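Colleague: I would like to see how this sequence folds:
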Amino acid sequence: MQEALIISVPMEETVPKPKTFWNKLAALTTAASNTYKSKPVSHWTLLTVSSISMLVAFPASSLLSRVYYSNGGTSKWIISWVAVAGWPIPLLVLIPTYFFLGLFPTPLTLKLVLSYIGLGFLTAADNLMYAYGYAYLPASTASLLGSTSLIFSAFFGYLLVKNKVNASTINAVVVITCAMAIIALDSNSDRYGYVTKSQYAMGFVWNILGSLLHGLIFALSELVFIKLLGRRSFHVVLEQQVMVSLFGFLFTTIGLLVNDDFQEMAYEAKVFEGGKSSYLSVLIWSVITFQLGILGGTAVVFLASTVLAGVLNSIRVPLTSIAAVLILHDPMSGFKILSLVITFWGFSSYIYGNYSQSKDSS
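Modeller: Modelled structure (predicted):
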């Protein structure tokens with residue numbers, strides 16, 4: 001019997017074609033559309049408003065702090081105090097929600113009260129550290145140093161909330177650290193004539209420490225939402241902001257009384273450039289912008305995550321730096337421009353890495 005001859009022809013392997021720019025854009029558009037549809041419109045509206053609040057109010061409060069010191073203000077406690085003196089602002093928004101939306105206040109447990117007290121104390125300390133930074137540094141330099149909050153947000157987010165850390169995050173940390181080193185080496189180019197080298201160094205260190213506390217506060221706020229408050233309704237954001245700012249206000253008021261800085265206000269108003277009306281305008285607008293910025297940051301943590309809050313908090317850096325140069329005529333050396341570009345590179349790396357990570361997980 002003759003055997004049939006069977007010839008096997010190897011099949012050609014299918015080689016995946018490399019994705020073009022338009023394929024990647026289509027995939028990004030689809031992912032964005034799916035993400036948008038996964039949440040109600042009210043969620044994205046609140047997130048947008050909160051993000052804009054961070055990106056506008058934080059730079060404005062930074063510039064106002066610098067204006068306060070440039071025009072005759074000297075107290076670190078007064079600037080720290082106005083940063084939390086606006087605690088009734090979110091309260092005025094919170095109270096109507098109980099009546100019109102039929103909501104009830106969150107029961108105050110011992111753990112929740114202790115968390116509010118702890119966050120209030122950290123907020124008071126954070127504001128005081130930043131006040132030292134803006135007292136001795138140009139606003140553009142202080143804002144660049146404030147970009148290190150992204151490093152600490154990533155670190156504490158990983159340590160406390162178990163947010164993931166990838167290679168892009170590590171790269172961003174290294175790049176931003178290098179940018180800060182450039183500023184430190186170029187300190188003589190933007191140091192005010194009346195600021196000594198030791199004061200400049202003090203402002204540099206306190207600003208970095210303030211960024212550390214800022215990152216810690218973001219992570220602890222998210223932890224409170226996860227463990228104690230839950231992501232039930234936006235009114236819990238207002239509740240936390242009212243209580244944290246209230247305790248921060250109490251701690252700062254004690255410091256103000258101990259240092260007799262309430263009496264210092266009357267003297268500063270007399271010698272302030274532009275007179276008493278200008279002095280009060282700076283303080284009042286500082287109260288409003290500080291509170292709106294903090295409220296926006298807390299809302300972003302609630303609606304999204306510490307990661308997005310850290311990214312937005314760092315995006316404000318170039319906005320503040322550019323505004324400080326245009327409005328306050330801050331010195332902008334070549335090294336500072338280089339540091340700004342490198343910092344933006346670090347931000348881009350961080351954003352891209354976290355986008356890719358979220359896309360893979362989904």
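Colleague: by mean pLDDT, flag the weakest helix or strand of this protein.
Modeller: Lowest on mean pLDDT, DSSP states H and E among the helices and strands of the chain sits helix 21-37, with a mean of 62.
Colleague: what segments of the stretch 1-150 of the chain are helices?
Modeller: 21-37, 41-70, 76-82, 88-100, 110-136, 139-146, 149-160 (DSSP state H, counting those that start in this stretch).
Colleague: pLDDT at the nearest residue to residue 215 once chain neighbours are set aside, what is it?
Modeller: Excluding the flanking residues, the one nearest residue 215 by CB to CB, 6 or more residues apart in numbering is residue 152, at 2.7 Å. Backbone N, C-alpha and C define where each C-beta goes, glycine included. Looking at residue 152, its pLDDT reads 85.
Colleague: again with residue 148
Modeller: Listed pLDDT for residue 148 reads 80.
Colleague: helix, strand, or coil at the residue nearest to residue 89 when sequence neighbours are not counted?
Modeller: Nearest residue to residue 89 in three dimensions, chain neighbours excluded: residue 291, at 4.8 Å (CB to CB, 6+ apart). Reduced to three states with DSSP: H, G, I helix; E, B strand; the rest coil, the structure at residue 291 is helix.
Colleague: returning to what we had before: which ones are touching the residue nearest to residue 215?
Modeller: With contacts taken as CB atoms under 8 Å, 6 or more residues apart in numbering, residue 152 has the following neighbours: 211, 212, 214, 215, 216.
Colleague: what's the answer for residue 93, then?
Modeller: Residue 93 sits next to residue 238 when contact means CB under 8 Å, 6+ apart.
Colleague: circling back to that earlier point, adding distance to residue 173, write the helices of the stretch 1-150 of the chain out as CSV.
Modeller: Output for those, formatted as CSV (distance: least, CB to CB, whole Å):
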stretch, distance to residue 173
helix 21-37, 25
helix 41-70, 21
helix 76-82, 28
helix 88-100, 32
helix 110-136, 20
helix 139-146, 15
helix 149-160, 5
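Colleague: out of those, which is the most enclosed?
Modeller: When the helices of the stretch 1-150 of the chain are scored by mean count of other CB atoms under 10 Å, the highest mean neighbour count falls to helix 139-146 (a mean of 27).
Colleague: next, the angle helix 110-136 makes with that helix.
Modeller: Angle, helix 139-146 to helix 110-136, by axes from the mean of the first three to the mean of the last three CA atoms, to 10 degrees: 140 degrees.
Colleague: now helix 139-146, how far from the chain's geometric center?
Modeller: 13 Å (CA atoms, centre = their mean, to the nearest Å).
Colleague: just the CA coordinates for it, please, in CSV.
Modeller: Provided in CSV are the C-alpha atoms of helix 139-146 (Å, rounded to 0.1, in the frame of the first residue of the first chain):
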residue,chain,number,x,y,z
ALA,A,139,8.6,83.4,45.4
SER,A,140,9.9,81.6,42.2
THR,A,141,12.7,79.9,44.2
ALA,A,142,10.3,78.9,47.1
SER,A,143,7.8,77.4,44.6
LEU,A,144,10.6,75.4,42.9
LEU,A,145,11.6,74.0,46.2
GLY,A,146,8.0,73.3,46.9
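Colleague: so what does that helix touch, helix or strand wise?
Modeller: With contacts taken as 3 or more CB pairs under 8 Å, 6 or more residues apart in numbering; DSSP states H and E, helix 139-146 sits against helix 41-70, helix 110-136, helix 167-185, helix 197-224, helix 306-327, helix 334-361.
Colleague: contacts for that helix, please.
Modeller: Contacts to helix 139-146, defined as CB under 8 Å, 6+ apart, come from residues 59, 62-63, 65-66, 130, 133-134, 137, 179-180, 183, 190, 203-204, 207-208, 210-211, 214, 313, 316-317, 320-321, 323-325, 328, 330, 332, 336, 339-340, 343.
Colleague: quick revisit: so which of the contacts of residue 152 comes closest to residue 90?
Modeller: residue 214 (18.8 Å; CB to CB).
Colleague: how about the contacts made by the closest one?
Modeller: Contact analysis of residue 214 by CB under 8 Å, 6+ apart lists 126, 146, 149, 152, 153, 313.
Colleague: ok, now with 10 Å
Modeller: 122-123, 126-127, 129-130, 146, 148-150, 152-153, 156, 297, 309-310, 313 (CB atoms under 10 Å, 6 or more residues apart in numbering).
Colleague: from the contacts of residue 152, keep the buried residues only.
Modeller: In these, burial by neighbour count holds for 211, 212, 214, 215, 216, counting by 16 or more other CB atoms under 10 Å.
Colleague: using PDB, write out the CA atom coordinates for stretch 273-280.
Modeller: C-alpha atoms of stretch 273-280 as PDB (Å, rounded to 0.1, in the frame of the first residue of the first chain):
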ATOM      1  CA  GLU A 273       4.000 100.000  51.900                       C
ATOM      2  CA  GLY A 274       0.700 101.200  50.600                       C
ATOM      3  CA  GLY A 275      -0.700 101.800  54.100                       C
ATOM      4  CA  LYS A 276      -3.200 100.000  56.300                       C
ATOM      5  CA  SER A 277      -5.700  99.300  53.400                       C
ATOM      6  CA  SER A 278      -3.000  97.500  51.400                       C
ATOM      7  CA  TYR A 279      -1.900  95.500  54.500                       C
ATOM      8  CA  LEU A 280      -5.500  94.400  55.200                       C
END
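Colleague: pull out the buried residues from that stretch.
Modeller: residue 279.
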